[in-house]
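**Q** What would the 3D arrangement of this be:
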Amino acid sequence: MHRTSRNVACLFIYPPFINFLKIRSLPMLFKESIESLEETPLKVQKTITNIKLLNSQSEDHITTIEQQIESDQCDVQKIVSAFLRLEENEKEMNAHLHSLYNFIDGQTGTVELDCNNFDEMVSKSALVLKTNQISARELGEAGAHANRERDSAPCYCGKDINAKMIACDDPNCRIEWFHLSCVGMAQPPAGKWYCRECRKRQR
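**A** As a prediction, this is how the structure comes out:
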């Protein structure tokens, strides 16, 4: 695998980059609601047009009823028919208005839901980024602590501190304590003893 390919592969599993991809995709959340909102003016205009048409028809029916009532030759059948059509027109107008109300209410709900999803995704992304920063800091602190422990570890081997040991008498000794077996001794000497590094430094 080429280095570039490896870098890209690593980038895609890098948490901050994953969060970046999520944040970058946030505008897509509003795609559906935006498209629906674009239809709203057309829906409103169509509803208004239908209501105007029905209202005009209702006015004609009212005129017919008034004319029949004032006429010397009143046609009851025409009056009843006009009343029935008025009633139908009223139902149709109410249906159009109810449909428009539901449509607008649905658009409002969709936008509100998208906004909530947007806020939630941003909050989660920010939380993950913050968690990654904290984890990175803790990892760095743990590494520094491990380095300090390693630097202060006894003897060259840095192993068991419970074995028989001897201390270097140089106050500036970097290691200070050594295993007898590691410095080739069976018992501590009677006088002062200096480790190999300190003896070299004293020369």
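
**Q** use CA for all of it now, contacts and neighbours both
**A** Fine.

**Q** ok, Ile104 to Thr40 distance?
**A** 7 Å (Cα to Cα, to the nearest Å).

**Q** right, and Trp193 touches Asp169 too?
**A** Yes. Using Cα atoms under 8 Å, Trp193 is in contact with Asp169, at 5.8 Å.

**Q** Show the subsequent helix or strand relative to the helix or strand containing Ala95.
**A** Assigned by DSSP states H and E, Ala95 belongs to helix 76-151. Using DSSP H and E, the helix or strand that follows helix 76-151 in sequence is strand 165-167.

**Q** Quickly run through the sheet partners of that next one, with directions.
**A** strand 177-179 (antiparallel) (DSSP bridges).

**Q** pLDDT averaged over the partner strand - what is it?
**A** Taken as a whole, strand 177-179 has a mean pLDDT of 88.

**Q** List the buried residues of it.
**A** 177-179 (16 or more other Cα atoms under 10 Å).

**Q** Tabulate those (TSV), appending distance to Lys46.
**A** Conversion of these to TSV gives the following (distance: Cα to Cα, whole Å):
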residue	distance to Lys46
Trp177	91
Phe178	93
His179	94
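
**Q** ok, back up a step: for the record, mean pLDDT for the helix holding Ala95?
**A** Here the average pLDDT along helix 76-151 is 70.

**Q** I'd like to know how far Ser71 sits from Trp193.
**A** 136 Å.

**Q** who has more neighbours, these two?
**A** Trp193 (15 against 10; other Cα atoms under 10 Å).

**Q** where does the more buried one land on pLDDT?
**A** 90.

**Q** Can you pull the domain assignment for the protein?
**A** 3-151, 165-202 (automatic domain parsing).

**Q** in the shortest one, what counts as buried?
**A** When you say that, I think you mean domain 165-202. Buried, per 16+ other Cα under 10 Å, within domain 165-202: 165-168, 174-180, 194-195, 198.

**Q** Does Val44 touch Leu100 like I think?
**A** Yes. Counting by Cα under 8 Å, Leu100 is a contact partner of Val44 at 6.8 Å.

**Q** Which neighbours do these two have in common?
**A** Here Val44 and Leu100 share no contacting residue, scored by Cα atoms under 8 Å, 6 or more residues apart in numbering.

**Q** For the closest residue to Ile65 other than its chain neighbours, give me its contacts.
**A** Once flanking residues are discounted, Ile65 sits nearest to Ile79: 5.2 Å by Cα to Cα, 6 or more residues apart in numbering. Contacts were defined as Cα under 8 Å, 6+ apart; by that measure Ile79 touches 64-65, 68.

**Q** Among those, which one is most surrounded by other residues?
**A** Going by other Cα under 10 Å, Ile65 tops the contacts of Ile79 with 21 neighbours.

**Q** Can you lay out the buried residues of domain 165-202 as TSV showing distance to Gln187?
**A** Converted to TSV, the buried residues of domain 165-202 look like this (distance: Cα to Cα, whole Å):
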residue	distance to Gln187
Met165	9
Ile166	9
Ala167	12
Cys168	14
Arg174	22
Ile175	19
Glu176	17
Trp177	14
Phe178	12
His179	10
Leu180	7
Tyr194	14
Cys195	15
Cys198	20
